[in-house]
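[1] next one to model:
(chains A and B, ligands or ions: 2)
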Amino acid sequence: MGEKAGGGGAAGERGAGRVLAVAEVAGGTLRGASLEVVSAARRLADAWGGAVDAVVLGEPGAAEAASGLAKWGADRVVGIEAAGFGAAGPGAHAGAVAATVREGSHRAALFSATPSGRDVAPRVAAKLRCPLLTDVTALDVQGGSVTAIRPAYAGKVLARVRCTGDRLLASLRPNALSAVASPREPVVEVRPPDPETGSEGYRVAGFEPSGGAFVDVSEASVVVSGGRGMKAPENWGVLEDLRDALGEAAALGASRAVVDAGWRPHAEQVGQTGKTVTPDLYFAIGISGAVQHLAGMRTAKVVVAVNADPDAPIFGVADYGIVGDLFEVVPAIAEAVRKLGG
Amino acid sequence: MNIAVCIKRVPDTGTRIRIAETGDGVETDGVKYVMGPYDEFAVEAALQLAEAAEGGEVALLAYGPPATQEALRSGLAMGAHRAVLLAGEPTMDGWATARTLAAELSGWEADLVLFGVKAVDSDQQQVGPMVAELLGRPCATAVSSMDVSEGVATCRRVVEGGREVVEMTLPAAATITKGQYEPRYASLRGIMAAKRKPLEQKAAKEAAVELVVEALEYPPPRPPGRILGEGPAAAAELVRLLREEDKAI
Ligand SMILES: Cc1cc2nc3c(=O)[nH]c(=O)nc-3n(C[C@H](O)[C@H](O)[C@H](O)COP(=O)(O)OP(=O)(O)OC[C@H]3O[C@@H](n4cnc5c(N)ncnc54)[C@H](O)[C@@H]3O)c2cc1C
Ligand SMILES: Nc1ncnc2c1ncn2[C@@H]1O[C@H](COP(=O)(O)O)[C@@H](O)[C@H]1O
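    Residues are numbered from 1 along each chain as shown, chains lettered A, B, ... in the order given. Ligands and ions are numbered 1, 2, ... in the order given. Predicted coordinates:
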């Protein structure tokens, strides 16, 4: 690939198999998914004899918040930061990432498939004129060649895909690849964004909170989803209580039936026309288990279903099922979880 | 106001997907194809915007095999004015698809180009912003509602913890997600009218593909689960297993 590829072999030399990990800081804290991205970048860089740069974009302090990435294998953490840059828009962020890749001749750039990663990565790919693999769940590197596994057809099949171009761009599905420690001496650099913004004609004009800014369902390690069996939107307290019992990494999800009914926001919808989730633990409460719903949660590690109907298809994919009235069963689960906490 | 909507022909979401014998593609026999569900939202958004602007044209663009005409006709039946089919075989390489679409769109005078947030076959979620980059336009993604006034499109985007408001100067692009849009059913009159609306087919200028699907596999089947019991009495055993066996809590 790169202009100076193959020369020297000193880690960190331009073009010698360097890999860029695009990390994210939200509300002053590093996102968990960024550890997975740096860890995957480390694996590629090790196979290629290169170094890992992690880049983080945003408000002043972003690089500091991301400095812990050294522990996960980042040789260098670069913050591109300025007051207001966090809300500069995806075009400006993509411009900054693309410039970083060009300058560093990175052979691969990895993102996490968070809402922001999904927004920015395709623009970076277009700016660099190279293809992008979205939502990768495994990376296999053998010598110079990398193959990626990514779900297609809403997870009904897994595709093994090879990128034949010189540069690999991929976004990784949160929770799918594990983060492995590979400590380095932290080296943190901060620089201002290029004034040439890349966000012409695009302005973030405001934010309307939907109340309760909890972890996004696509990133949560525990998801508590409710369906039509919940009967009415005012009954969601039952699920909120279980979520609270399960701790900070838990998020609420929903079936399309309840989103269509206007009971829950679309941001919570799990399934083919909603979000794809890979949590450690997924609760399907009062959800029948239609194929379009299963498409969004079949890669969850453990699935628990609570349903009044013993023949509900969801029991076919659930690791554990409880047949019964959710209004009795769910509070009992929440209580048992709280007992564990002591 | 002129609006272009890019739509893709995809298998109906209820269809069983079977891997073809070659191992690197899916069986197409017996599969029902439709316009992508998110593309339907985009067509609906375009029709609403054109109605609000009291004029202007909604034109559809698809890149796909000749049978894609059917999906285009269903968009015309919803109310779009004309359609263009770039005949060819799109792949999982969204960057190649984006170049093919952008080459055509650069000759159009569209104030807005709309996309679905994702195509439900390749699930790449990338073609919209890539085309926008190629056309040099601003692009808002995952838009749940939008309106246009005096050359500015105001979009609401679904983001974590709420909705972000984005203003774009036209010409612009956006990818549409469900939000407020409920695709209209085509009336019988609409279906009849669609037969006479212009649908132009030409060969796609296909770009080099750099993502090669080596193989498709079925995801590992979930091991058969077990019903722990009935009613709240089973809760304690469930929580014990989640803690001790699965270490999930
Ligand atoms: C193009 C397309 C895309 C789609 N995309 C999605 C998607 O992204 N996500 C999605 O979820 N769906 C999607 N669907 C819809 C899907 O087909 C189903 O209609 C939907 O998932 C059903 O939602 P549900 O399970 O909440 O409701 P239902 O199917 O009505 O199931 C409700 C369940 O609750 C149980 N129940 C009732 N009362 C109780 C009680 N007191 N205690 C315990 N259990 C009880 C019932 O036994 C039943 O199993 C899509 C459909 C199409 C056509
Ligand atoms: N072959 C195609 N023809 C027309 N539009 C397409 C095509 N592929 C993708 N698109 C558009 O781009 C959106 C996102 O697709 P993808 O990036 O493949 O998930 C779709 O919802 C369509 O609006």
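[2] quick one, what contacts whatever residue of chain B ends up closest to ligand 2?
    Closest residue of chain B to ligand 2, CB to the nearest ligand atom: B:Gly116 (2.5 Å). C-beta: built from backbone N, CA, C; applies to glycine. Applying CB atoms under 8 Å, 6 or more residues apart in numbering or on different chains, we find B:Gly116 in contact with B:6-8, B:36-42, B:128, B:175-176.
[3] for it, give me the pLDDT.
    Looking at B:Gly116, its pLDDT is 97.
[4] for it, phi and psi?
    With angles defined as degrees, to the nearest 10, B:Gly116 shows backbone torsions of phi -80, psi 160.
[5] any idea how far the closest residue to it other than its chain neighbours is from ligand 1?
    Leaving out its chain neighbours, the residue that sits closest to B:Gly116 by CB to CB, 6 or more residues apart in numbering or on different chains is B:Tyr38, at 2.9 Å. Distance of B:Tyr38 to ligand 1, given as CB to the nearest ligand atom, to the nearest Å: 10 Å.
[6] B:Ala4 too?
    Plainly put, B:Ala4 is 23 Å away from ligand 1 if you go by CB to the nearest ligand atom.
[7] again, but for B:Ser187
    For B:Ser187, the distance to ligand 1 - CB to the nearest ligand atom - is 21 Å.
[8] and if you look at A:Arg43?
    Using CB to the nearest ligand atom, A:Arg43 is found at 32 Å from ligand 1.
[9] what sits against that residue?
    Going by CB under 8 Å, 6+ apart, A:Arg43 touches A:139, A:141.
[10] that one in helix, strand or coil?
    helix (DSSP: H, G, I helix; E, B strand; the rest coil).
[11] okay, now A:Glu200: neighbour count?
    A:Glu200: 15 surrounding residues under other CB atoms under 10 Å in any protein chain shown.
[12] hmm, back to that, quickly find the element holding the residue nearest to B:Gly116.
    Using DSSP states H and E, B:Tyr38 falls within helix B:37-52.
[13] and the one residue sitting closest to the centre of chain B, bridged to which residues?
    Residue closest to the average C-alpha location in chain B (CA atoms, centre = their mean): B:Gly116, at 3.3 Å. Judged by DSSP bridges, the bridge partners of B:Gly116 are B:Ile176.
[14] can you put the contacts of B:Gly116 in TSV and add neighbour count?
    Shown next, in TSV, are the contacts of B:Gly116 (neighbours: other CB atoms under 10 Å in any protein chain shown):
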residue	neighbour count
B:Cys6	26
B:Ile7	28
B:Lys8	25
B:Gly36	27
B:Pro37	19
B:Tyr38	26
B:Asp39	29
B:Glu40	24
B:Phe41	25
B:Ala42	30
B:Gly128	31
B:Thr175	30
B:Ile176	29
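[15] which one among those gets closest to B:Glu70?
    Using CB to CB, B:Ile7 comes nearest to B:Glu70 of the contacts of B:Gly116, at 11.2 Å.
[16] now do the nearest residue to that closest one once chain neighbours are set aside against A:Lys275, distance only.
    Excluding its sequence neighbours, the residue lying closest to B:Ile7 (CB to CB, 6+ apart) is B:Asp39, at 4.0 Å. To A:Lys275, B:Asp39 is 18 Å away according to CB to CB, to the nearest Å.
[17] do B:Cys155 as well
    In terms of CB to CB, B:Cys155 sits 20 Å off from A:Lys275.
[18] how about the helices in the stretch 151-300 of chain A?
    A:237-246, A:256-260, A:291-297 (DSSP state H, counting those that start in this stretch).
[19] in the shortest one, what's buried?
    It stands for helix A:256-260. Buried residues in helix A:256-260, counted by 16 or more other CB atoms under 10 Å in any protein chain shown: A:256-259.
[20] which residues does A:Gly58 bridge with?
    Note on A:Gly58: beta-bridge partners by DSSP bridges are A:Glu81.
[21] just the pLDDT for it.
    95.
[22] who touches it in this structure?
    Contact partners of A:Gly58, counting by CB under 8 Å, 6+ apart, are A:25, A:79, A:81, A:85-86.
[23] and the residues you listed, which is closest to B:Gly231?
    When the contacts of A:Gly58 are compared against B:Gly231 (criterion: CB to CB), the nearest one is A:Val25, at 45.3 Å.
[24] wouldn't the closest one be in contact with A:Pro60 here?
    No - the pair A:Val25 / A:Pro60 is not scored as a contact, 11.0 Å apart, by CB atoms under 8 Å.
[25] neighbour-wise, which of the two wins?
    A:Val25 (22 against 15).
[26] quick check: bridge partners of that one?
    Beta-bridge partners for A:Val25, by DSSP bridges, are A:Leu30.
[27] now do the contacts for it.
    A:31, A:56, A:58, A:62, A:65-66.
[28] and if we set it to 10 Å?
    Applying CB atoms under 10 Å, 6 or more residues apart in numbering or on different chains to A:Val25 gives the contacts A:31, A:34, A:56-59, A:61-66, A:79, A:81, A:86.
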